[in-house]
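Undergrad: Provide a 3D model corresponding to the input given below.
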Amino acid sequence: MTPSDTTGSGRLARGAVITGADSGIGRATAVRLADEGMDIGITWNTDHEGAERTAAEVREHGRRAVIERMDLTGLPEAAEAVDRLADALGRLDVLVNNAGTGTATPFLDLDHTTVQQVLDVDLVGPFLCGQRAARRMIRQGGGGRIVNVTSVHEHQPRVGAAPYCAAKGGLGLLTQVMALELAEHGIRVNAVAPGEIATPMTGQEDTDVRGQDRPGIPLGRPGDAREVAAVIAFLAGPDADYVTGASWAVDGGMLRMGPMAGSHLGSGDWRRG
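TA: Purely as a prediction, here's the structure:
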């Protein structure tokens, strides 16, 4: 695909790459950023049809969409997809490191292969994709935005999720280092830490979250992927020019309870002290 002027002003539209944009938070983010006027690069691993559906939604908003497969267990080569998408878009202004995986395995039962896979997808992959994006942004000038999608488990642990928590905690601190080092280039780097969000990863895609009861979460329900996408869009836009190195929880108050309590309390008795 040859990049073209889609702004009507002789300049290319802003370009955003969202990893893992075949469903869930990634899809919602791609559509929201397209609505904000950006052309979108989409990566997928196992769900090519899902990626095509995301691309179709982006195009319904009048923006260009390009697709690349990215399997972050195949590092470092997998991160090259960021450059290919940037080439196709013509420029890269926003990277959203959203692709992720996890496990529900007790610490004592984990094997090295599982641990390495989770760390590669959730930590090393975003590290390498972030490097490629930052180098591209520096070459083209004008700064840029990198948003790392972590989790409430960037901040609090969960039983059975040792490598996931280790990776998300590491990605949170990596976000802060990136923010410090890339600030001089005008690149803002922030994290978004979702709680329980209705996505395929939690078995709730297309769920009406307002009909779901979560007594242990102060707002009483799971989140919608579009609510996370709205925060990402803020961080990717001009209103966040003075925001970098922060972690934005989108969790209905779960962190105030602790994610274990927020996920597992069966009644609202805690509200009465």
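
Undergrad: poorly predicted segments of the stretch 101-250 of the chain, please.
TA: Low-confidence segments of the stretch 101-250 of the chain, defined by pLDDT under 70: 199-207.

Undergrad: mind checking the longest helix of this structure?
TA: Using DSSP state H, we find that the single longest helix of the chain is helix 162-182.

Undergrad: which helices and strands does that one pack with?
TA: helix 112-119, helix 125-140, strand 144-149, strand 187-194 (3 or more C-beta pairs under 8 Å, 6 or more residues apart in numbering; DSSP states H and E). In this view, the C-beta of every residue, glycine as well, is placed from N, C-alpha and C.

Undergrad: can we see that at 6 Å?
TA: Where contact means 3 or more C-beta pairs under 6 Å, 6 or more residues apart in numbering; DSSP states H and E, helix 162-182 is packed against helix 112-119, strand 187-194.

Undergrad: report the buried residues of the helix or strand containing Gly41.
TA: Taking DSSP states H and E as the definition, one finds Gly41 inside strand 39-44. Under the neighbour-count criterion of 16 or more other C-beta atoms under 10 Å, strand 39-44 has 39-44 buried.

Undergrad: with stretch 135-149 instead?
TA: Neighbour counts over stretch 135-149 (16+ other C-beta under 10 Å) mark 136-138, 140, 144-149 as buried.

Undergrad: just flag the most distant two among the residues you listed.
TA: Farthest pair in these (C-beta to C-beta) is Gln140 and Val149. Separation: 23.8 Å.

Undergrad: picking that back up, which one of the buried residues of stretch 135-149 is nearest Asp251?
TA: Nearest to Asp251, judged by C-beta to C-beta, of the buried residues of stretch 135-149 is Val149 at 12.8 Å.

Undergrad: list the residues that contact the residue nearest to that closest one when sequence neighbours are not counted.
TA: With sequence-adjacent residues excluded and distances taken as C-beta to C-beta, 6 or more residues apart in numbering, Val149 is closest to Asn98, at 4.5 Å. Residues near Asn98 by C-beta atoms under 6 Å, 6 or more residues apart in numbering: 18-20, 25-26, 149.

Undergrad: list the helices and strands the following helix or strand past the strand holding Gly41 packs on?
TA: Counting by DSSP H and E, the next helix or strand C-terminal to strand 39-44 is helix 48-60. In terms of contacts (3+ C-beta pairs under 6 Å, 6+ apart), helix 48-60 is packed against helix 24-35, strand 39-44, strand 65-69.

Undergrad: burial count for the nearest residue to Glu68 once chain neighbours are set aside?
TA: Spatial nearest neighbour of Glu68, chain neighbours left out: Ala81 (4.2 Å); criterion: C-beta to C-beta, 6+ apart. Neighbour count for Ala81, taken as other C-beta atoms under 10 Å: 22.
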